[in-house]
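[1] After the sequence you'll find the predicted model.
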Amino acid sequence: MVAKITSPHSIKRALNYNEQKVLKGNAECIYSGNYLKDASELDFHEKLNRFKDLIDLNERAQKTNTLHISLNFSAGENLDKEKLIMIANSYMEKIGFGKQPYLVYEHHDAGHPHIHIVTTNIEADGKRINTYNIGRNQSEKARKEIEEKFELQKANGKIKNESAKIQAVDVQKVLYGNSETKRAITNVLDAVINQYKYTSLAELNAILKQYNVIADRGKEDGITYNSKGLLFKVLDENGKKVGVPIKASSIYSQPILSNLEKKFEENEIKRQPDKQKLKIALDIHLVKNPRSLDELIKALQKENIHVVLRQNDKGLIYGVTFIDTRTKSVFNGSDLGKQYSAAALQEKLSKNNQQTNDNKETITATKQKTSKEEKRENGQETKKEKTEVRTIYKEDLLQLMMKQERNEARMPHQLLQKKKRKKKRNLGL
């Protein structure tokens, strides 16, 4: 089980988010905790007024009075409504909200079972329940105990990783209408905006484009741009904007420009410890002298570092952004140092390529020279060998002749004389 807690500025907005899902058939309110009526008997105003009656008791907590909780389970777990309600009740009790009014919604619009719980932290006496580090302390302890009690898959391993995965927008599905587009974009934004550390809209878009989404301010002379508005659009496989644009202000998490700008400032500090780790990874691969950007990009991809190149209309590269999914940090090359800028990297890789070609030419020339020298030496040795053979042949022939003369000198005179033929006698027969 994976638990996520957010603190929206408005109880009405949190309630509206879930009720809109119910109207579209994507969710169902399955339980009402500490209400006088069952969930099926409550209308929207009755649900809302129960919360507002408590919130009005504390005027100082007008912006920190709501908790929106989601409990996520593994896709392979088969959980019926009764068990989901039991899990929700146990969780609320363990985090200290058992006596608070709360509503439990079962959602059907994701690939895994999950429920949403809406509640307030203002008690009946007007005091506010302290929620500082509630996710790290009370919620984490409750999660582990509930996993054991209800025999759920533990979040320490596979299920936690599955829940953290971000699904890219399916372009074919979202083309059918506004609701599909908004749902798909919202799922991506909910994961990216809070997980990654980016410091500009360009850096945020570098991440969003990996999931077929882009944040667009419109033309500089347009109404949207001048009013500091922001639209989110879906990208097709060619990077072109398709489907219905969604206003940032219409999305529950409120990823409007002013809120994102606050994130930019926070992330500038948060990502600093990750800078050195990324630089070390880049240096390790650059020292291997890759010959092209493609070769470098593929090598970094294996290290879970994604490279996004910025190009103009003519295809010329003018910028590079590194998305380090290991630390969830995003850096422009120039932010890491001049040597990591697009221009510097292209210059270095070009030199590497030229040096490689020069080395190849040098090796080829050396081989050719060595081959010629070997042939020349082999030729000289052959001539020398032939000369020596002829010399040896002449010397041997001379020695043979002289040996024959010496042998003849030693022989008796009688043996040297030629034998006379005997004449046949004519007997006169």
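    Looks like it came in fine. Since the structure is predicted, the reported quantities are computational estimates derived from the model, not experimental observations.
[2] any chance you could map the strands in the stretch 1-150 of the chain?
    Under the criterion DSSP state E, counting those that start in this stretch, the stretch 1-150 of the chain contains strands at 2-6, 27-33, 66-72, 102-107, 114-120.
[3] do you know which of those lies nearest residue 271?
    Residue 271 sits nearest to strand 2-6 of all the strands of the stretch 1-150 of the chain, at 21.8 Å, using CB to CB. All C-beta spots, glycine's among them, are computed from the backbone N, C-alpha and C.
[4] now the strands of the stretch 1-150 of the chain in JSON lines, with mean pLDDT and mean neighbour count?
    Formatted as JSON lines, these follow (pLDDT from 0 to 100; neighbours: other CB atoms under 10 Å):
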{"stretch": "strand 2-6", "mean pLDDT": "91", "mean neighbour count": "16"}
{"stretch": "strand 27-33", "mean pLDDT": "96", "mean neighbour count": "20"}
{"stretch": "strand 66-72", "mean pLDDT": "94", "mean neighbour count": "22"}
{"stretch": "strand 102-107", "mean pLDDT": "96", "mean neighbour count": "23"}
{"stretch": "strand 114-120", "mean pLDDT": "96", "mean neighbour count": "23"}
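[5] Of all these, which one is nearest residue 260?
    When the strands of the stretch 1-150 of the chain are compared by CB to CB, strand 2-6 sits nearest residue 260, at 16.3 Å.
[6] Show me what that closest one is packed up against.
    Judged by 3 or more CB pairs under 8 Å, 6 or more residues apart in numbering; DSSP states H and E, strand 2-6 is in contact with strand 66-72, helix 140-149, helix 158-164.
[7] Now do residue 146: how many residues are near it, please.
    Around residue 146 there are 20 other residues, counting by other CB atoms under 10 Å.
[8] er, residue 81 actually
    13.
[9] what's the answer for residue 55, then?
    19.
[10] I'd say it and residue 11 touch.
    Yes: using CB atoms under 8 Å, residue 55 makes contact with residue 11 at a distance of 6.4 Å.
[11] nearest to residue 282, of the strands of the stretch 1-150 of the chain?
    That would be, of the strands of the stretch 1-150 of the chain and by CB to CB, strand 2-6, which comes in at 32.7 Å.
[12] Could you please name the strands that closest one pairs with and the direction of each pair?
    If you go by DSSP bridges, strand 2-6 pairs up with strand 66-72 (antiparallel).
[13] a markdown table for the strands of the stretch 1-150 of the chain, including distance to residue 154?
    Formatted as a markdown table, the strands of the stretch 1-150 of the chain follow (distance: least, CB to CB, whole Å):
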| stretch | distance to residue 154 |
| --- | --- |
| strand 2-6 | 10 |
| strand 27-33 | 24 |
| strand 66-72 | 13 |
| strand 102-107 | 22 |
| strand 114-120 | 16 |
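[14] ok so, going back, with distance to residue 78 added, can I get the helices and strands packed on strand 2-6 in TSV?
    Formatted as TSV, those follow (distance: least, CB to CB, whole Å):
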stretch	distance to residue 78
strand 66-72	15
helix 140-149	16
helix 158-164	14
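[15] quick one: which of these is nearest residue 343?
    Residue 343 lies closest, by CB to CB, to one member of the helices and strands packed on strand 2-6: helix 158-164, at 35.5 Å.
[16] tell me the mean pLDDT for that closest one?
    Mean pLDDT, computed over helix 158-164, is 45.
[17] One more: stretch 307-314?
    Across stretch 307-314, the average pLDDT comes to 88.
[18] ok, and for that stretch, which residues are buried?
    For stretch 307-314, burial by neighbour count (16 or more other CB atoms under 10 Å) applies to 307, 308.
[19] Need the contact partners of that stretch.
    202, 206, 209, 293, 296-297, 300-301, 317-323, 342 (CB atoms under 8 Å, 6 or more residues apart in numbering).
[20] Convert the C-alpha atoms of it to CSV, please.
    Output of stretch 307-314 as CSV, limited to C-alpha atoms (Å, rounded to 0.1, in the frame of the first residue of the first chain):
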residue,chain,number,x,y,z
VAL,A,307,19.3,14.2,-22.8
VAL,A,308,16.9,16.7,-24.4
LEU,A,309,18.4,18.8,-27.2
ARG,A,310,16.9,22.2,-28.1
GLN,A,311,17.0,23.0,-31.9
ASN,A,312,15.9,25.9,-34.0
ASP,A,313,13.8,25.6,-37.2
LYS,A,314,16.9,24.9,-39.2
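[21] so how far is the host helix or strand of residue 282 off the chain centroid?
    Counting by DSSP states H and E, the element that carries residue 282 is helix 272-286. Distance of helix 272-286 from the chain centroid (CA atoms, centre = their mean, to the nearest Å) equals 16 Å.
[22] Now do whichever helix or strand comes after that helix against helix 272-286, angle only.
    Sequence order places helix 293-301 as the next helix or strand after helix 272-286, per DSSP H and E. For helix 293-301 against helix 272-286, the angle by axes from the mean of the first three to the mean of the last three CA atoms, to 10 degrees is 130 degrees.
[23] so how far is helix 293-301 from its chain's centroid?
    For helix 293-301, the distance to the chain centre is 13 Å (CA atoms, centre = their mean).
[24] Quick one: mean pLDDT for that helix?
    Regarding helix 293-301, the rounded mean pLDDT is 90.
[25] now stretch 319-329
    Here stretch 319-329 scores 93 as its mean pLDDT.
[26] Name the residues that touch that stretch?
    Here stretch 319-329 has contacts from 195-197, 202-203, 206-207, 210, 271, 274-275, 277-278, 281-282, 300, 303-310, 330-334, 336, 340-342, 345, using CB under 8 Å, 6+ apart.
[27] Provide a PyMOL selection command restricted to the buried entries of those residues.
    To isolate the buried ones among those in PyMOL, judged by 16+ other CB under 10 Å, type:
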select buried, resi 196+197+203+206+207+210+271+274+275+278+281+282+300+305+306+307+308+330+331+332+333+336+340+341+342+345
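[28] quick one: which of the contacts of stretch 319-329 sit in strands?
    Counting by DSSP state E, the contacts of stretch 319-329 place 305, 306, 307, 308, 309, 310, 330, 331, 332 in strands.
[29] can you list those residues in JSON lines and add distance to residue 69?
    Shown next, in JSON lines, are the ones in strands among the contacts of stretch 319-329 (distance: CB to CB, whole Å):
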{"residue": "305", "distance to residue 69": "34"}
{"residue": "306", "distance to residue 69": "32"}
{"residue": "307", "distance to residue 69": "37"}
{"residue": "308", "distance to residue 69": "34"}
{"residue": "309", "distance to residue 69": "40"}
{"residue": "310", "distance to residue 69": "39"}
{"residue": "330", "distance to residue 69": "29"}
{"residue": "331", "distance to residue 69": "33"}
{"residue": "332", "distance to residue 69": "36"}
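[30] Fine by me, we can end here.
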